[in-house]
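A.B. asks: give the three-dimensional model of this entry:
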Amino acid sequence: MRKAFLQLHIAVLLAGFTGVLGRLITLNEGLLVWYRLLFSSATLWILFYFTRKLRMISFKEFLKIFGVGLIAALHWVTFYGSIKYANVSVALVCFSAIGFFTAIFEPLVFRTRIDIWELLLGLMVIGGIYIIFHFDPQYKIGIVVGIISALLGSLFPIFNRVLLRTHSTETITVYELTGGFLALSIMLPFYLRLFPADHLIPTLSDFWWLLVLSWLCTVLAFQLSMNALKKISAFTVNLSYNLEPVYGILLAFVIYQENRELKSSFYVGLSIIILAVALQTLDVYVKHRKK
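C.D. replies: Numbers count the residues shown, from 1 in each chain. Next comes the predicted model:
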């Protein structure tokens, strides 16, 4: 059990590290995600082929997973775009708005009643982001892009819940990454016309950091999460991932000293967001204990 918890928190820490790498890699955000999807999907195809975890699916089912992969790809592009236009800390604060959008979209997809408490907690997060938005105008573009990223990020797990009814986690992951890669490959020429890149080929430094992003923060994090799920509940795993923005922001403070760039309004907004996440965590825990 102790080993499973260690694996889980390493996976969460690796997920938080993606923001730091997004600032470190000099590629345009569209190219960054394209290379990440290329390396990750190719690695998983090889890994799952030899471990015989991959299952063939119909073309109709592939299209469904392809669509979710497209949403994931666009979520990553806008997330890294938010980092480029603002910084890692601001992008991760905006990432916290996922809870607000989930509280709206999940009941619509599954045709259930909207949870007013979850909606209020989501509005607290939006309020925290607004404080940063209002008092730190230099980050406005990054915040808007980050909010779009959070909206897309909220749809990704909701549709995955539907897919998990009929497909294994491994099958969904490899086909989603492949679908996202193919979709972004089609869109990239048009994207680069709108947002030109300084260079198309990663530098040697970028190449190594892309491998870290793909192999450690994507493939290894996925494997560690799956291993942890064999010993601990999905509830505990999902709850632990609430720490991802916290880990990411702390890493950005340590590595880039972003705390020196941020005004007091950022910390006021961040405090409100952390309170909302803590209340949400407590609420989910209490509901789980009652069940």
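A.B. asks: mind listing what residue 32 touches?
C.D. replies: The neighbours of residue 32, taking CB atoms under 8 Å, 6 or more residues apart in numbering as the test, are 22, 25, 80, 210. For glycine as for every other residue, the C-beta is placed from the backbone atoms N, C-alpha and C.
A.B. asks: tell me who's in contact with the second one.
C.D. replies: Spelled out, that is residue 25. Taking CB under 8 Å, 6+ apart as the criterion, residue 25 is in contact with 32, 202, 206, 209-210, 213.
A.B. asks: now the two most distant members of the residues you listed.
C.D. replies: Farthest pair in those (CB to CB) is 202 and 213. Separation: 11.0 Å.
A.B. asks: quick one, which of the two is more surrounded?
C.D. replies: Using other CB atoms under 10 Å, the more surrounded residue of residue 202 and residue 213 is residue 213, with 26 against 18.
A.B. asks: with adjacent residues omitted, what lies nearest to that one?
C.D. replies: Once flanking residues are discounted, residue 213 sits nearest to residue 21: 4.8 Å by CB to CB, 6 or more residues apart in numbering.
A.B. asks: same question for residue 127.
C.D. replies: Spatial nearest neighbour of residue 127, excluding adjacent residues (CB to CB, 6+ apart): residue 272 at 6.0 Å.
A.B. asks: which of the three states applies to the one you found?
C.D. replies: With DSSP: H, G, I helix; E, B strand; the rest coil as the basis, residue 272 sits in helix.
A.B. asks: how close does it sit to residue 247?
C.D. replies: Using CB to CB, to the nearest Å, residue 272 is found at 19 Å from residue 247.
A.B. asks: and the residue nearest to residue 127, what pLDDT?
C.D. replies: The model reports residue 272 with a pLDDT of 87.
A.B. asks: check the one 10 residues further on too.
C.D. replies: Residue 282 is assigned a pLDDT of 77 by the prediction.
A.B. asks: number of nearby residues for it?
C.D. replies: Using other CB under 10 Å, residue 282 has 10 neighbouring residues.
A.B. asks: next: residue 42.
C.D. replies: Counted with other CB under 10 Å, the neighbours of residue 42 add up to 14.
A.B. asks: ok, residue 37 next?
C.D. replies: Neighbour tally, residue 37, other CB under 10 Å: 26.
A.B. asks: secondary structure class for it?
C.D. replies: Going by three-state DSSP, the secondary structure assigned to residue 37 is helix.
A.B. asks: show me where the stretch 101-250 of the chain has its helices.
C.D. replies: Counting by DSSP state H, counting those that start in this stretch, the segments of the stretch 101-250 of the chain that form helices are 116-135, 140-163, 169-194, 204-211, 221-229, 234-240, 244-256.
A.B. asks: now those helices in TSV, with distance to residue 10?
C.D. replies: Shown next, in TSV, are the helices of the stretch 101-250 of the chain (distance: least, CB to CB, whole Å):
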stretch	distance to residue 10
helix 116-135	26
helix 140-163	21
helix 169-194	18
helix 204-211	18
helix 221-229	6
helix 234-240	11
helix 244-256	11
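A.B. asks: where does the chain have low pLDDT?
C.D. replies: Counting by pLDDT under 70, the low-confidence segments of the chain come to 1, 135, 229-230, 232-239, 284-285, 288, 291.
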